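Student: Okay, sequence plus prediction incoming.
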Amino acid sequence: MVRCKFRVNEIKRQESSEWDGKVSTPAVLTTICMSPVSAKEGEDSIFGKATPTGLINLGIKNQAAAEAFELGKAYYIDISPAE
C-alpha cells in the first residue's frame with residue numbers, strides 16, 4: 001500500500017442528469033479537485049517530498065459522499081492493488 005496526502009483545492013458543482021434506461025432525471029455532479037500537500041516542516045513536508053506534484057479530480061454524483069470533502073482540508077489517499 002502507498003499512502004498519499006492531498007488537499008482539496010476546489011469544489012465544483014454542475015447540473016447533470018441520471019439515465020436509468022427509460023427516463024432522465026436531474027442530478028448534480030460535484031467535482032473534487034485535489035493536489036498533494038507541501039510544506040517546509042512537519043508531516044506535510046515528508047509527503048510533499050515523496051509526491052511533489054499531481055492532481056486528483058473526483059466526479060461524484062452521490063451528494064452525501066461529496067459533502068464529506070471540505071475545501072482546504074487535507075485527506076489521506078491509500079492506494080493498493082485491486083484484486
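Tutor: Everything's here; your move. Only a predicted model underlies this, so the values are computations on that prediction, with no experimental measurement involved. Numbers count the residues shown, from 1 in each chain.

Student: residue boundaries of the helices in this protein?
Tutor: Using DSSP state H, the helices of the chain run over 43-50, 63-66.

Student: Out of these, which is closest to M1?
Tutor: helix 43-50 (13.7 Å; CB to CB). C-beta coordinates here come from the backbone N, C-alpha and C atoms, glycine included.

Student: roughly how far apart are the most far-flung residue of the chain relative to its centre and L29?
Tutor: For the chain, the C-alpha lying farthest from the average C-alpha position belongs to K22; by CA atoms, centre = their mean, that distance is 31.0 Å. When CB to CB, to the nearest Å is the yardstick, K22 and L29 sit 21 Å from each other.

Student: swap in G42?
Tutor: From G42 over to L29 the distance is 35 Å, taken as CB to CB.

Student: All the strands of this protein, in order from the start?
Tutor: Secondary structure of the chain by DSSP state E: the strands cover 2-19, 24-36, 56-60, 74-79.

Student: Show residues contacting the first one.
Tutor: Put plainly, it is strand 2-19. Identification of contacts with strand 2-19 by CB atoms under 8 Å, 6 or more residues apart in numbering yields 24-37, 43-44, 47, 50-51, 54, 56, 61, 66, 69-80.

Student: Mind giving me the ChimeraX command for buried ones among those?
Tutor: Of the contacts of strand 2-19, the buried ones can be selected in ChimeraX as follows, counting by 16 or more other CB atoms under 10 Å:
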select :30,32,33,34,35,36,37,44,47,51,66,69,74,75
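
Student: where does the protein have low pLDDT?
Tutor: Scanning the chain for pLDDT under 70 picks out nothing.

Student: rerun at 90
Tutor: Low-confidence segments of the chain, defined by pLDDT under 90, are located at 16-27, 39-40, 51-52, 83.

Student: For G48, give its distance to Y75.
Tutor: If you measure G48 against Y75 using CB to CB, the figure is 15 Å.

Student: try Q14
Tutor: With distances defined as CB to CB, the gap from Q14 to Y75 amounts to 22 Å.
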